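> pasting a predicted model and its sequence here:
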Amino acid sequence: MRKYLLVLTLTFVKMVSGQQLAVKGEAAYNFLIDTVGYRAEVKCPLLIFLHGRSLSGYDLNRVKRYGVLYAKNRGVEIPSSLVVAPQTAGGWDPDKIKDVLNYVLANYNVDEKRVYVCGMSMGGYGTMDFVGKYPESVAAAVAICGGGIVGDAEKLATVPVWIQHGSADRAVPASESRKIYQAIKKANPESETVLTIIPGGTHGSVERLFHKSDMYDWLFKHRKEY
């Protein structure tokens, strides 16, 4: 296994492990970026993963404990793309997520029509908050066991969103997902918004969704049309 490479400057730290890099001090959130399959001469889709509260903090290795990077590191095949996993020490701020996105767009050859966001728990809320504020930046999104702001419904209705929640979730009740789904459909009954309630799914068991192809296939079939 290739040794870690550590590069330090006053404001920037990158740690290389395989093709996952930790970027610190360059955007509002520190983040991991997985560049497996990335070629600078080809425009590449971008998938942003937002973690839940249990992975909050200042150790970027934590964001590999579940979700997209965890699944990918366990051999799950994800469509060729850059994968970015920022870390927050508290709740998600859509402006700071946008700052991370802007950094990646400025430094990698990203297909801006194919930017996707997904998140779980607090990251599910963060996904909806980000799409609700910056719908023009997202081609499609998946929010798992979270919720959203009803006042964002009109903007959320302009982006394909797949909302998923376990019926037996005791940490965040499925009513949170139903509420935002109903608000979006009220704002625009024709919106490409999908709600899936997983029978018997708990707050933790729905993590298995990241290990199946369904979510990635659904996300990557969408392209932003300006």
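Received it, and whenever you're ready, just let me know what you need.

> ranges for the strands of this structure?
Under the criterion DSSP state E, the chain contains strands at 5-8, 13-17, 20-24, 30-34, 44-50, 82-87, 110-120, 140-144, 161-166, 193-198.

> so which of these comes closest to E225?
Nearest of these to E225, taken as Cβ to Cβ: strand 110-120 at 7.5 Å. Every C-beta, even on glycine, is put in place using the N, C-alpha and C of the backbone.

> tell me which strands the closest one pairs with, and in which orientation.
Note on strand 110-120: by DSSP bridges, its sheet partners are strand 44-50 (parallel), strand 140-144 (parallel).

> most packed of the strands of the chain?
strand 140-144 (a mean of 28; mean count of other Cβ atoms under 10 Å).

> tell me the mean pLDDT over that strand?
Here strand 140-144 scores 98 as its mean pLDDT.

> what angle do strand 193-198 and it make with each other?
Counting by axes from the mean of the first three to the mean of the last three Cα atoms, to 10 degrees, strand 140-144 lies at 30 degrees to strand 193-198.

> tell me what angle strand 140-144 forms with strand 161-166.
Orientation of strand 140-144 against strand 161-166 (the same axes, to 10 degrees) gives an angle of 10 degrees.

> please identify the buried residues of stretch 153-161?
The neighbour-count check on stretch 153-161 (16 or more other Cβ atoms under 10 Å) flags 153, 155-161 as buried.

> repeat for stretch 195-212
Buried, per 16+ other Cβ under 10 Å, within stretch 195-212: 195-196, 198, 201, 203-204, 206-207, 209-211.

> what is the nearest of the residues you listed to G119?
When these are compared for distance to G119 (Cβ to Cβ), F210 comes out closest, at 10.6 Å.

> isn't that closest one right up against G67?
Yes - in this structure, F210 is within contact of G67 by Cβ atoms under 8 Å, at 5.5 Å.

> shared neighbours of those two, which are they?
Each of M120 lies in contact with both F210 and G67 under the rule Cβ atoms under 8 Å, 6 or more residues apart in numbering.

> where are the low-confidence patches of the protein?
Within the chain, the segments meeting pLDDT under 70 span 1-18.

> before we move on, the earlier item: filter the buried residues of stretch 153-161 down to the ones in helices?
Per DSSP state H, helices hold the following members of the buried residues of stretch 153-161: 153, 155-156.

> residue contacts, L219?
47, 116, 118, 139-142, 162.

> again, only using 7 Å
Applying Cβ atoms under 7 Å, 6 or more residues apart in numbering to L219 gives the contacts 116, 140, 142.

> and for K64?
Contacts for K64 were tallied using Cβ under 7 Å, 6+ apart; they are 70, 73.

> pretty sure S167 is touching S175, no?
No - using Cβ atoms under 7 Å, S167 is not in contact with S175; the gap is 10.6 Å.

> just give me how far stretch 40-47 sits from the chain centre.
Averaging C-alpha positions (Cα atoms, centre = their mean, to the nearest Å) puts stretch 40-47 16 Å from its chain's average.

> from Q87, how far off is V100?
From V100 across to Q87, the span is 10 Å (Cβ to Cβ, to the nearest Å).

> could you find the closest non-adjacent residue to S205?
Excluding the flanking residues, the one nearest S205 by Cβ to Cβ, 6 or more residues apart in numbering is G166, at 6.3 Å.
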